[in-house]
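Peer 1: below are the sequence and a predicted model for it; my questions follow.
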Amino acid sequence: MSCSTVSSFTSLFAPPKKSSLPNPKPGFVHCSLGGMVVEPKATAATEPLLLNAVRGHDVERPPVWLMRQAGRYMKSYQIICEKHPSFRERSENVDLVIEISLQPWNVFKPDGVILFSDILTPLSGMNIPFDIVKGKGPVIFDPLATAADVDQVREFNPEESVPYVGEALTILRREVDNKAAVLGFVGAPFTLASYVVEGGSSKHFMKIKRLAFSQPKVLHSLLQKFATSMAKYIRYQADNGAQAVQIFDSWATELSPVDFEEFSLHYLKQIVDAVKQTHPDLPLILYASGSGGLVERLALTGVDVVSLDWTVDMAEGRRRLGHDIAVQGNVDPGVLFGSKEFITNRIHDTVRKAGKGKHILNLGHGIKVGTPEENVAHFFEVAKAIRY
């Protein structure tokens, strides 16, 4: 890839050259791959790199963090698991949440430090009992199937139900001290609904689809409760220290585009609109795995960043999303099992295709169990050495 402006780069390895072609629009960089990338604004030096990049400020490199960067691939995390085998204990005890969240920060110094938690954490506070069982994953004890079941679901009050989340975010913000952005996250309505209707993880999602297509009013009622609750939860996280929040809609890509618009897009947009009314400067990131067929629709939610999975070519994703939205991703997590040279090449390829600015370097999904820690360290080393 080559990008032609005085401040842009022709590659990650060579100094920039001035273009003989005029910029077609002020404030944009014309790229040889086709399309344009927003030309960065002046940097706000006091803010973390990740926030500056999302807001289109001038940055020297893309910020980098990894989904599931705190977790099972780290030996230090495995030691905690031996002492505290319950996932819910690890994710609901303030001291453990802070310790686990900071493990990758202490070792790799990523540009984003994400709260160690789970998208299902709010469920107990919504009168939906659940657990996360080792070797099995999420288990919903009483899956929802009827209008009467949905009537029993309460709107989420994070101050009452998950005070440990707010406390942990406040301490993380102090510990990280603005050297990186503290990130919160929530589950999207359709994904949360999928878990509570299916009773846990699913391969075919027939229960949620049966509900959607035979009793749509019942599902819409449930989705509305989740939308209202997640908007509250995002505000709560922001008020307690989160500097950006990622929304995970992991299962929405099981829907056809027309059904995505009805059962997911509407509620995602509602969340974004509600949060932006009270927190207009809070960056919101949206991730949906397997989203190649929905990329343009993800941008319609109004989020600040679309996180692409590895099945979407980054250059294509940039073109399809347009110039005003930032992108995150999207190295295949499996790459971290390759050689260091292979990892380096894939990082550079992704950054070249993303272009200068408005890009957060990440994986296209969470780190896999068994990923060598030394390869994760190499990923961060290479990423942090890049200069536009």
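Peer 2: That came through fine.

Peer 1: ok, for R174, nearest residue in space, not its chain neighbours?
Peer 2: Distance criterion C-beta to C-beta, 6 or more residues apart in numbering; nearest residue to R174, sequence neighbours excluded, is G241 at 8.0 Å. Quick note: C-beta positions are derived from backbone N, CA and C, even for glycine.

Peer 1: dump the residue contacts of that neighbour.
Peer 2: Counting by C-beta atoms under 8 Å, 6 or more residues apart in numbering, G241 makes contact with 166, 169-170, 172-174, 182.

Peer 1: so who does the nearest residue to I386 once chain neighbours are set aside touch?
Peer 2: What sits nearest to I386 in space, not counting adjacent residues and going by C-beta to C-beta, 6+ apart, is R61, at 4.6 Å. R61 sits next to 49, 383-384, 386-388 when contact means C-beta under 8 Å, 6+ apart.

Peer 1: now do V97
Peer 2: With C-beta under 8 Å, 6+ apart as the criterion, the residues that contact V97 are 90-91, 115-117, 164-165, 168.

Peer 1: before we move on, the earlier item: from the contacts of R61, list just the buried residues.
Peer 2: Neighbour counting with 16 or more other C-beta atoms under 10 Å marks 49, 383-384, 386, 388 as buried within these.

Peer 1: of those, which belong to helices?
Peer 2: Members of the buried ones among the contacts of R61 lying in helices (criterion: DSSP state H): 49, 383-384.

Peer 1: can you report phi and psi for the one residue sitting closest to the centre of the chain?
Peer 2: Centroid-nearest residue in the chain: Q246, 4.1 Å away (criterion: C-alpha atoms, centre = their mean). Here is the backbone geometry of Q246 (degrees, to the nearest 10): phi -100, psi 130.

Peer 1: what separates it from E254, distance-wise?
Peer 2: As judged by C-beta to C-beta, to the nearest Å, Q246 and E254 stand 20 Å apart.

Peer 1: swap in Q237?
Peer 2: Taken as C-beta to C-beta, the span from Q237 to E254 is 26 Å.

Peer 1: please apply the same query to W65.
Peer 2: Distance, W65 to E254, by C-beta to C-beta: 27 Å.

Peer 1: give me the more crowded residue out of those two.
Peer 2: Ranked by neighbour count (other C-beta atoms under 10 Å), W65 and E254 place W65 first, with 24 against 20.
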